[in-house]
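>>> Could you look at this predicted model? Sequence included:
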Amino acid sequence: MKKVQELQAAQAAAQSRDKPELIRQVTLQRKEKDFEGMLEYMKDDEARLIKTLITDIRPSTVSATVPCLPAYILFMCIRHADYINDDQKVESLLTSTINAIKKVLKRNNDDFEMMSFWLANSSRLLHCLKQYSGEEAFMTQNTQKQNEHCLKNFDLAEYRQVLSDLSIQIYQQLIKVAEGIIQPMIGFVVVMKIFLRCKSVTLV
């Protein structure tokens with residue numbers, strides 16, 4: 001026991017020697033930053049970006065995060081491409097985004113959760129492109145800071161129209177899927193009502 005106690009005491013002394021002596025309590029202060037709401041990405045990473053945010057994503061994996069997170073991230077990437085005045089990057093990202101959403105929906109054309117997820121994200125991306133377009137009609141309720149974040153170099157009105165058409169298509173498909181889910185339930189309720197009526201007539 002004495003040897004063990006001596007060994008423990010020696011280890012404690014060695015540890016205290018290894019620790020730097022703290023002269024006074026110091027707190028780390030973080031400098032205030034003015035966030036620009038942009039995300040930079042390399043052109044070579046566009047395919048990986050689309051795969052991560054659109055092709056491979058499942059609604060359940062982002063259900064606990066910011067609603068419409070993929071749309072916000074894509075818009076921040078578009079803003080940066082606009083900020084550096086890279087028309088090829090803007091065009092490529094928007095085209096890839098729209099095509100990838102179409103492919104995902106084609107593969108999941110009877111999945112209500114996936115349809116509603118991409119209806120929300122397509123609508124959100126469209127709304128961001130309008131709100132930060134720089135057009136006065138869409139800026140009436142913006143704050144001064146939001147107006148500072150408007151696109152500087154490109155008019156994306158044609159892409160907005162394509163996104164609008166896509167959102168309408170997703171909505172129409174979502175209605176069909178919902179009808180397919182609800183119709184059997186309605187049929188069951190009707191059958192049960194008829195059954196109960198027949199039963200009550202029989203009892204009388």
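Noted; the coordinates are in hand.

>>> Could you list the low-pLDDT ranges of the protein?
1-35, 186-204 (pLDDT under 70).

>>> Could you rerun that using 50?
203-204 (pLDDT under 50).

>>> Where does Gly37 sit: helix, strand or coil?
Put simply, Gly37 is coil when judged by DSSP: H, G, I helix; E, B strand; the rest coil.

>>> do you know how far Pro70 is from Ile170?
14 Å (CB to CB, to the nearest Å). For glycine as for every other residue, the C-beta is placed from the backbone atoms N, C-alpha and C.

>>> Setting aside sequence neighbours, what's the nearest residue to the spatially most central residue of the chain?
Closest to where the C-alpha atoms of the chain average out (CA atoms, centre = their mean) is Leu69, at 1.8 Å. Distances taken as CB to CB, 6 or more residues apart in numbering place Val62 nearest to Leu69, at 5.3 Å, with adjacent residues excluded.

>>> Name the residues of stretch 108-116 that are buried.
Asn108, Met114, Met115, Ser116 (16 or more other CB atoms under 10 Å).

>>> Please apply the same query to stretch 157-176.
Neighbour-count burial for stretch 157-176 [16+ other CB under 10 Å]: Tyr159, Arg160, Leu163, Leu166, Ser167, Ile170, Gln173, Leu174.

>>> Going by distance to Gln144, which of those wins?
Arg160 (23.5 Å; CB to CB).

>>> The closest one - nearest residue in space that isn't next to it in sequence?
Nearest non-adjacent residue to Arg160 (CB to CB, 6+ apart): Leu129, at 5.1 Å.

>>> Around the one you found, how many other residues sit close by?
21 (other CB atoms under 10 Å).

>>> list the contacts for it?
Leu129 is in contact with Phe75, Ile78, Leu156, Tyr159, Arg160, Leu163, counting by CB atoms under 8 Å, 6 or more residues apart in numbering.

>>> element containing it, please.
Taking DSSP states H and E as the definition, Leu129 sits inside helix 112-131.

>>> So which other helices or strands are in contact with the very next helix or strand once past that helix?
Downstream of helix 112-131, the next assigned helix or strand under DSSP H and E is helix 144-148. Helix 144-148 sits against no helix or strand, with contacts defined as 3 or more CB pairs under 8 Å, 6 or more residues apart in numbering; DSSP states H and E.

>>> Which residues outside stretch 61-73 are in contact with it?
With contact meaning CB under 8 Å, 6+ apart, stretch 61-73 is reached by Leu39, Leu53, Ile54, Ile57, Ala120, Asn121, Ser122, Arg124, Leu125, Cys128.

>>> Then stretch 150-166?
78-79, 82-83, 85, 87, 90, 94, 98, 101-102, 122, 125-126, 129-130, 132-134, 139.

>>> Centre of the chain to it, how far?
How far stretch 150-166 lies from its chain's middle: 19 Å, per CA atoms, centre = their mean, to the nearest Å.

>>> Span of it from start to end?
Distance between the two ends of stretch 150-166: 23 Å, counting by CA to CA, to the nearest Å.

>>> list the buried ones in stretch 83-90?
Within stretch 83-90, judged by 16+ other CB under 10 Å, the buried ones are Asp86, Lys89, Val90.

>>> Alpha carbons of it, as PDB, please.
Taking C-alpha atoms only, stretch 83-90 is exported to PDB below (Å, rounded to 0.1, in the frame of the first residue of the first chain):
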ATOM      1  CA  TYR A  83     -20.800  38.100 -56.600                       C
ATOM      2  CA  ILE A  84     -17.600  37.000 -58.500                       C
ATOM      3  CA  ASN A  85     -19.400  37.700 -61.800                       C
ATOM      4  CA  ASP A  86     -19.000  34.100 -63.100                       C
ATOM      5  CA  ASP A  87     -21.900  33.600 -65.500                       C
ATOM      6  CA  GLN A  88     -20.800  30.100 -66.400                       C
ATOM      7  CA  LYS A  89     -20.900  29.000 -62.800                       C
ATOM      8  CA  VAL A  90     -24.400  30.500 -62.200                       C
END
